[in-house]
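>>> kindly generate the corresponding structure for this input.
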Amino acid sequence: MEKLFRHPRWIVVIVSIITVFFALQIPKATLDNNNFRFVPDNDPELLGMKSVNESFGSQLFILVGLERKHGTVLDAEFIGKLRDFSAKLSEIPIVASITSLSSTDYLTGRGDSIIAEPLVPESYSGSRREIAELKERILSWDLYKGSLVSEDFSSTQVLVYLGTSAEDAGSPEVVAVHRSIKRIAGEVGFPDTRLYITGMPVFSSVVNDAMEEDLVVLIPLVVFVVILVLFLSFRRFSGVVLPLLTVLVSSIWAIGAMALLGVKLSILSTVLPVILVAVGSAYGIHVVSHYYDELAEKKTLNQEEHRALVLAVLKRIGNPVLLAALTTLAGFISLSFSKVAPIFEFGIFASFGVLVAFVVSLTLVPAIMIIRGPASKLPRFRITEMKPGQEDPLSGAIADALGHVSTKKRSILALGLLVILVSVFSLGRLVIDNVLVEYFKPDTDVVLSDRFIRDKFGGSKSVSLVLSSEEPGGVLRPDVLGAMDGLATYLRTSVPEVGKTTGFTDMIKRVNQVFNVDESPDGLKPRAEELSPRSGEGSSDDGLPSFGFGAVEESQAGSGDETLPAFGFSDFGAPAPESKGFAQGTEESRVAGSVPTGTSGETLSDAIDNLDKLALVALLDKALTESDGETRSAADLVENLARLTNYKGRAYYEIPTDPARYGKKTDEELRLLISNYLVLLSGDISDFADDPLEPTSIRMQIQLKTVGQIDTNRAVAAIRAYIDERFPKDIEARIAGDALVEGSLNRLVVESQLSSVAISLLMVFIILSVFYRSAVAGLIGLVPLSITILVNFAVMALAGIKLNIGTAMVSSIAVGTGIDYTIHYMAAFHHEYLATENKNKFLRRTFLTSGKAILFNAVSVGAGFAVLALSQFNILAELGILIALAMGTSSLVSLTLLPVLLMVTNPAFIRRPLPSDRKMETLEAGK
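Predicted structure coming up:
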């Protein structure tokens with residue numbers, strides 16, 4: 001040590017050069033708060049989501065909600081703005097496609113052909129007739145309802161699909177789309193409309209912005225708090241500057257190292273500087289506190305005597321500070337065993353920062369002390385000076401109070417046991433859930449947007465159900481499609497967490513409906529002869545018939561805007577004939593008010609007049625009784641009536657599963673019928689099928705209105721149960737999606753919590769046992785930490801604070817920082833027990849030398865963490881409050897229960913000098 005401090009100025013120069021180097025790296029740091037980055041690459045749910053995206057395209061999207069304050073979204077001016085908005089969004093390079101009310105297509109039938117035409121014609125003027133017809137179109141297909149338009153027509157949703165993988169949801173290019181959407185919406189200028197934007201990329205963008213604001217506010221604030229506490233503790237300029245210098249250097253090194261190694265900053269990285277300022281100050285405080293204590297007992301010192309005093313202080317506190325640093329490292333290093341990327345990264349670089357703070361406090365701080373000379377040369381803020389050997393009044397008062405408490409051994413032990421029992425009992429109420437929207441305050445825009453999408457539409461979370469067969473076209477079997485459609489109905493009617501289902505079966509049902517619009521609601525009769533397929537369309541390779549429907553005329557195959565695909569049917573050959581409004585040619589008989597039986601020239605009133613009154617009543621009664629247990633509202637009654645009369649083909653909005661109903665004899669004939677429906681579509685259905693004609697895999701997207709993982713798990717469990725019970729066993733069913741990846745994150749957070757706590761406690765036990773050469777010392781040292789952890793969980797459970805990615809770190813941080821107080825007091829107890837001849841007075845000496853230092857350090861660290869309560873993130877605010885509470889708990893237990901345990905057990909290691917103590921005695925004797 002003498003050699004190390006022979007040239008103290010070199011220490012200052014070297015540390016300064018390294019600090020400048022790391023400081024220059026900080027501007028290179030990048031932010032990435034994509035939840036998909038938080039789970040390991042080999043996670044089964046993440047791999048499942050990637051597999052689905054490879055088969056059906058990326059499902060990374062941004063949801064844009066537009067709410068009219070007055071009127072509806074069917075207003076002509078609004079539609080025009082929406083058309084302009086959609087077109088401009090499609091020009092963003094990273095945007096793959098846009099689905100909106102103005103860009104999507106409408107499947108309908110003309111003669112024996114299926115065509116696709118714009119849902120909203122270019123000529124739309126917003127007349128009463130056009131609005132009524134547009135409403136009818138929207139309501140005629142479940143695909144639109146709850147996806148593009150809200151139930152009351154006051155809101156619409158635009159789906160912005162991004163041409164990148166979900167793992168890149170936090171990249172700068174993806175995050176920039178959020179800002180572009182807001183900018184374009186402002187340029188378009190929607191009248192009387194409120195904008196809502198949500199989705200994973202949006203959350204990443206908002207988190208990044210909030211992180212930058214937090215760093216600007218919280219770091220200066222925590223520095224101010226630490227400065228205030230240090231000033232009140234030491235009332236000396238050096239007592240403020242030196243510990244603060246330690247943590248500033250360690251923070252710069254840690255953040256600079258992250259930038260240098262290309263590690264992206266996450267939401268938890270916001271905490272790193274705050275933690276290093278709060279925790280790292282402890283080592284500097286220990287050095288400065290003991291330095292002033294030794295100085296108070298000395299008279300005026302010259303330069304050499306002062307140098308000797310500094311080195312003596314380092315030798316005296318070297319082992320306790322080293323032990324505190326090692327155990328703090330144990331707490332942070334335990335986090336590096338986590339599989340959650342931000343927690344792992346935090347554990348690594350927090351450990352590095354703590355190590356730097358320890359080294360700097362034992363090198364840079366003493367070097368500056370030696371360079372500056374005796375404390376008498378330094379400015380002082382003390383109002384009154386203390387004479388050498390005089391006892392600090394505050395230290396004495398604290399020692400007296402703690403000494404009195406320690407005499408109540410039975411009361412302290414009983415109280416400790418009661419706290420443990422209450423805490424354990426409360427654990428059952430702890431909720432484990434990583435809720436993304438709960439990261440933010442309730443009035444944040446992204447939270448309001450997410451709530452709006454859940455209330456008005458299908459929700460912002462989704463999972464995909466993929467059915468696969470080894471045989472090409474095997475998934476087109478009626479039993480397979482019927483099971484998938486049955487699941488969609490079950491989810492829509494019986495699982496409240498599900499907001500919307502969209503998939504392959506919706507298109508098949510729609511084609512079946514529009515193609516059979518003029519058929520009897522009772523079913524198709526077998527035909528004596530089939531229509532010949534045209535140009536091979538509508539038939540299989542072995543010459544099978546076209547199963548009762550003509551082929552698509554190339555001139556009639558409608559198309560939507562190729563740059564704005566929607567719902568998987570965006571490319572159906574040549575454009576449809578130019579539409580004149582909504583009705584064209586023979587289509588006049590299909591507008592609102594036409595006769596459901598297909599009879600032309602007869603109005604709805606004529607049909608009612610011609611219908612026998614008793615038959616009408618019977619029809620209404622049948623419609624009511626065939627409601628299948630669903631809510632018997634007026635809308636349900638009308639829908640059932642439409643099915644009974646095949647109004648606009650409503651009786652055939654179904655998956656063909658009954659051969660007799662379609663004039664067939666076998667299920668294979670029905671499968672070929674469905675296969676020919678795909679020939680009619682002959683377009684881009686890649687969102688829902690891996691092949692346009694003979695798919696081996698088909699997909700259904702399930703949107704969830706859930707907020708947390710608990711609700712999501714309930715919905716997924718319902719899906720799995722239905723699949724196990726109702727789906728064909730020879731078909732592979734896979735569920736994947738962002739909601740399940742979030743579930744993996746939830747599971748990993750729990751595993752991280754359990755492993756990090758166990759590892760940190762084990763490491764602390766080993767360190768204390770080795771240091772004191774006694775396993776009993778390790779066990780006793782674990783008592784304050786274990787109680788602190790239990791109290792932490794109990795407070796979380798009772799206060800309704802969830803265990804999530806942020807609060808999962810509290811226990812390990814509490815171990816890493818709270819152990820300082822245990823070690824500090826055990827060292828003082830051990831030293832004073834051996835040094836004080838009068839054993840009746842040694843206990844007060846332990847409190848006199850350690851009580852104030854421990855309490856001031858707990859206040860300093862706790863206050864530093866409490867600053868996080870001002871964070872824009874709820875999880876960081878909760879983290880700060882819980883750690884501040886843990887500091888208070890750990891320090892109080894260390895100063896009350898720990899002394900009682902040591903006195904009651906009277907362990908042998910307390911009565912046995914340490915090798916370092918013998919070495920110090922030898923050195924002092926030599927002097």
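>>> ok, now how distant is Glu77 from Ile98?
Separation of Glu77 from Ile98 (C-beta to C-beta, to the nearest Å) stands at 20 Å. All C-beta atoms are positioned from the backbone trio N, CA, C, and that covers glycine.
>>> is Pro728 in a helix, a strand, or coil?
Recorded secondary structure, Pro728: coil (DSSP: H, G, I helix; E, B strand; the rest coil).
>>> you'd agree it is up against Val480?
Yes: using C-beta atoms under 8 Å, Pro728 is in contact with Val480, at 5.9 Å.
>>> the two: which has the busier surroundings?
Val480 (23 against 15; other C-beta atoms under 10 Å).
>>> show me the contacts for that one.
467, 469, 474, 727-728, 731 (C-beta atoms under 8 Å, 6 or more residues apart in numbering).
>>> ok, these vs Pro201, which is closest?
Ranked by distance to Pro201 (C-beta to C-beta), the contacts of Val480 are led by Leu467 at 28.7 Å.
>>> hang on, the earlier thing: which among the contacts of Val480 count as buried?
Buried members of these, scored by 16 or more other C-beta atoms under 10 Å, are 467, 469, 474, 727, 731.
>>> now the two most distant members of these.
Of all pairs in these, the most separated under C-beta to C-beta is Gly474 and Phe727 at 13.3 Å.
>>> quick one: the helices in the stretch 51-200 of the chain?
Using DSSP state H, counting those that start in this stretch, the helices of the stretch 51-200 of the chain run over 76-90, 128-139, 172-188, 200-234.
>>> can you give the distance of the shortest one from its chain's centre?
By that I understand helix 128-139. 40 Å (C-alpha atoms, centre = their mean, to the nearest Å).
>>> likewise the first one?
On the basis of C-alpha atoms, centre = their mean, helix 76-90 is displaced by 32 Å from the centre of the chain it belongs to.
>>> show me what that helix is packed against.
Packing partners of helix 76-90 (3 or more C-beta pairs under 8 Å, 6 or more residues apart in numbering; DSSP states H and E): strand 95-99, strand 155-162, helix 172-188.
>>> buried by neighbour count: which residues of that helix qualify?
For helix 76-90, by 16+ other C-beta under 10 Å, it's 78-79, 81-90.
>>> check the third one too.
Of the residues in helix 172-188, 174-175, 177-178, 180-181, 184-185, 188 count as buried by neighbour count, 16+ other C-beta under 10 Å.
>>> so can I have a markdown table of the residues you listed showing distance to Val861?
Below are those laid out as a markdown table (distance: C-beta to C-beta, whole Å):
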| residue | distance to Val861 |
| --- | --- |
| Val174 | 38 |
| Val175 | 34 |
| Val177 | 41 |
| His178 | 37 |
| Ser180 | 43 |
| Ile181 | 42 |
| Ile184 | 47 |
| Ala185 | 46 |
| Val188 | 51 |
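>>> tell me the one of those residues nearest Tyr722?
Scanning these for proximity to Tyr722, where the rule is C-beta to C-beta, the winner is Val174, at 34.3 Å.
>>> in this structure the closest one contacts Leu162, no?
Yes: counting by C-beta under 8 Å, Leu162 is a contact partner of Val174 at 6.2 Å.
>>> what do these two both touch?
Counting by C-beta under 8 Å, 6+ apart, the residues touching both Val174 and Leu162 are 60, 94, 201.
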